[in-house]
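K.L.:
Just the structure for this:
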Amino acid sequence: MRREAAAMSMSVEQPLWRALTAYRALTAVYAVAIAVVARDSYERPQVAFGYLAVLLVWTLATLPRFTGAARCTRPFLAVDTGLALAGILLTPLADGAGRHAADGPTLPSIWTAGAVLACALKGGWRWAAAASPLVGAANLAQRGEASPNTLHNVLLVWVAAIAIGYVVEVARASERTLARALEIQAATRERERLARDIHDGVLQVLAMVQRRGTAVGGEAAELGRLAGEQEAALRRLITQGPVPEPRTAAGPDAAPEDDTRPQDLMALLGRYADARVTLSGPGTPVELAPHAARETAAAVGAALDNVRTHVGPGARAWVLVEDEPDQVLVSVRDEGPGIPEGRLAEAAEEGRLGVAQSIRGRLRDLGGTAELVSVPGQGTEVELTVPKQDQGGGEAATGRRYPARTGEGTQ
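P.N.:
Purely as a prediction, here's the structure:
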């Protein structure tokens, strides 16, 4: 854990900011040294040394600003870049027709690159691409012509700044990914620790209450049933994470706020799991288009309604989800007496469309299928096949809505 905390507190940008701080200080001293050595060649030395005095004081006074991106605000970097551009444009005034005409150094010399690199560290390659042309234009205006030496220097600063800006953006993305991975790892370890404690205590007590209550019967049986439900919910919580929010009054057909991202079918089906309904599936999310996921979950809910209605409120049921490359298979199996032959046709004639519409109708509109296999005395199994590409257009194409768990889930 100590290594993880140290990794999170150590930003990958800090070495770059420290290097830039040292670069600015050294290049400011270098620019002053060049001016001192060539002081006799200036036509207006007061202009040159006046500017360099301001540059040196500014550099030393602003060194604390370059400890990180937070303190290098946009207005500050604008002033810093403006100081570099002013030095370039003042070079002909201080030097006359001397060294600058022969491709000599400008007044700020290579200190100018530090201003552009600061923009790159702050805002990435886009900020560097915006600042570099300003320096290039100032150099061309100062020289009066696009000499090969000038173009070479401008191109070098432009490429270096953009490359460093891109590296900074990649480093920041990697840092965020690492921080998220460490958070997940810490949460997983904490969940495992809680799971051990809960398993050694709470789950065993709930299981014992369920067994004893069932054996005693009467009011104790109801207490045992509630204990069994809580045991199943708690076991699901510590193994799979938080339970999804319960359905609102709008039901599972209600559209979420973001209807474009894929939804996890396992999360939608998790609301049906309890002491009587066992949900099994992959350990990873089973993603479907939002409409397909909601309709499939509603079809499973209708099948479970049939189990409670025709087998009994305490009947056991098993829901199995299989995630295949091009389709998702969902089966709902119960332990009831099965459906007599011809009963589904009679139910449809009586206007009871739980299977015909709530289950088969939904799957048909999704481009899938719903098969019902029932053997008298051996229970019933509903097999749903959902393609991962909605071929039928769903609700958006048909405009039809089917009843979802409204008590109409009879055959």
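K.L.:
Tell me which residues touch the residue nearest to Ile110 when sequence neighbours are not counted, please.
P.N.:
Nearest residue to Ile110 in three dimensions, chain neighbours excluded: Thr27, at 5.1 Å (C-beta to C-beta, 6 or more residues apart in numbering). The C-beta positions use only the backbone N, C-alpha and C, and glycine is treated the same way. For Thr27, the contacting residues are 109-111, 113-114, taking C-beta atoms under 8 Å, 6 or more residues apart in numbering as the criterion.
K.L.:
switch the cut-off to 6 Å
P.N.:
By C-beta atoms under 6 Å, 6 or more residues apart in numbering, Thr27 lies in contact with 110-111, 114.
K.L.:
Model confidence for it, exactly?
P.N.:
Thr27 is assigned a pLDDT of 90 by the prediction.
K.L.:
what do you get for the one 4 residues further on?
P.N.:
Reading off the per-residue confidence, Ala31 sits at a pLDDT of 89.
K.L.:
Where do the helices of the chain begin and end?
P.N.:
In the chain, the helices defined using DSSP state H lie at 2-9, 14-37, 45-61, 74-95, 111-123, 125-143, 148-200, 202-216, 219-240, 265-269, 290-310, 343-349, 360-365, 394-398.
K.L.:
Figure out which of these is closest to Gly104.
P.N.:
Of all the helices of the chain, it is helix 74-95 that lies closest to Gly104, at 7.2 Å by C-beta to C-beta.
K.L.:
and that closest one, what other elements does it pack with?
P.N.:
Helices and strands touching helix 74-95, as assessed by 3 or more C-beta pairs under 6 Å, 6 or more residues apart in numbering; DSSP states H and E, comprise helix 45-61, helix 111-123, helix 125-143.
K.L.:
quick one: the residue nearest to Ile110 from Gly123, how far?
P.N.:
Noted for Thr27: a distance of 21 Å to Gly123, by C-beta to C-beta, to the nearest Å.
K.L.:
try Pro92
P.N.:
31 Å.
K.L.:
got it, and Leu366?
P.N.:
Using C-beta to C-beta, which is the criterion applied here, Leu366 is 46 Å from Gly123.
K.L.:
So for those two, which sits in the more crowded spot?
P.N.:
When Leu366 and Gly123 are compared on other C-beta atoms under 10 Å, the one with more neighbours turns out to be Leu366, at 28 against 20.
K.L.:
Which pLDDT value belongs to that one?
P.N.:
What the model reports for Leu366 is a pLDDT of 91.
K.L.:
Is it in contact with Ala292, as I believe?
P.N.:
Yes: Leu366 lies in contact with Ala292 (C-beta atoms under 6 Å); the separation is 5.3 Å.
K.L.:
Is the nearest residue to Glu371 once chain neighbours are set aside bridged to anything, and to what?
P.N.:
Ranked by C-beta to C-beta, 6+ apart and with sequence neighbours excluded, the top spatial neighbour of Glu371 is Glu383, at 4.5 Å. Residues in a beta bridge with Glu383, per DSSP bridges, are Ser331, Glu371.
K.L.:
shouldn't Glu383 be in contact with Ser331?
P.N.:
Yes: between Glu383 and Ser331 there is a contact under C-beta under 6 Å: 5.0 Å.
K.L.:
For these two, indicate the residue with more neighbours.
P.N.:
When Glu383 is set against Ser331 and neighbours are counted by other C-beta under 10 Å, the residue ahead is Ser331, at 19 against 16.
K.L.:
Report the contact partners of that one.
P.N.:
With contacts defined as C-beta under 6 Å, 6+ apart, Ser331 is in contact with 320, 381, 383.
K.L.:
hang on, the earlier thing: for ChimeraX, write a command that selects the buried ones of the contacts of Thr27.
P.N.:
Here the buried members of the contacts of Thr27 are turned into a ChimeraX selection, burial being counted by 16 or more other C-beta atoms under 10 Å:
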select :110,111,114
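K.L.:
Any chance of the contacts of Thr27 in CSV with distance to Ala227 as columns?
P.N.:
Listed next are the contacts of Thr27 as CSV, based on distance: C-beta to C-beta, whole Å:
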residue, distance to Ala227
Ile110, 76
Trp111, 75
Gly114, 69
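K.L.:
What is the burial count for Val29?
P.N.:
By other C-beta under 10 Å, the residues close to Val29 number 14.
K.L.:
Correction: the previous question concerned Gly87.
P.N.:
Using other C-beta under 10 Å, the number of residues around Gly87 comes to 25.
K.L.:
Any figure for the gap between the nearest residue to Ala48 once chain neighbours are set aside and Ala289?
P.N.:
Counting by C-beta to C-beta, 6+ apart, Ala48 lies nearest to Ala94, which is 3.9 Å off, once chain neighbours are set aside. From Ala94 over to Ala289 the distance is 68 Å, taken as C-beta to C-beta.
K.L.:
Compare these two (neighbour count), which wins?
P.N.:
Neighbours around Ala94 and Ala289, counted as other C-beta under 10 Å, are more numerous at Ala94. The numbers are 23 against 20.
K.L.:
where in this structure is pLDDT low?
P.N.:
Of all residues in the chain, those with pLDDT under 70 make up the ranges 1-12, 96-103, 144-150, 152-153, 194-201, 203, 235-259, 339-358, 390-411.
K.L.:
now the farthest one out in it, which residue is it?
P.N.:
Largest separation from the mean C-alpha position in the chain: Asp40, at 61.8 Å (C-alpha atoms, centre = their mean).
K.L.:
that older thread, would you tell me which one of the helices and strands packed on helix 74-95 is buried the most?
P.N.:
With neighbours defined by mean count of other C-beta atoms under 10 Å, none of the helices and strands packed on helix 74-95 is more surrounded on average than helix 111-123, at a mean of 24.
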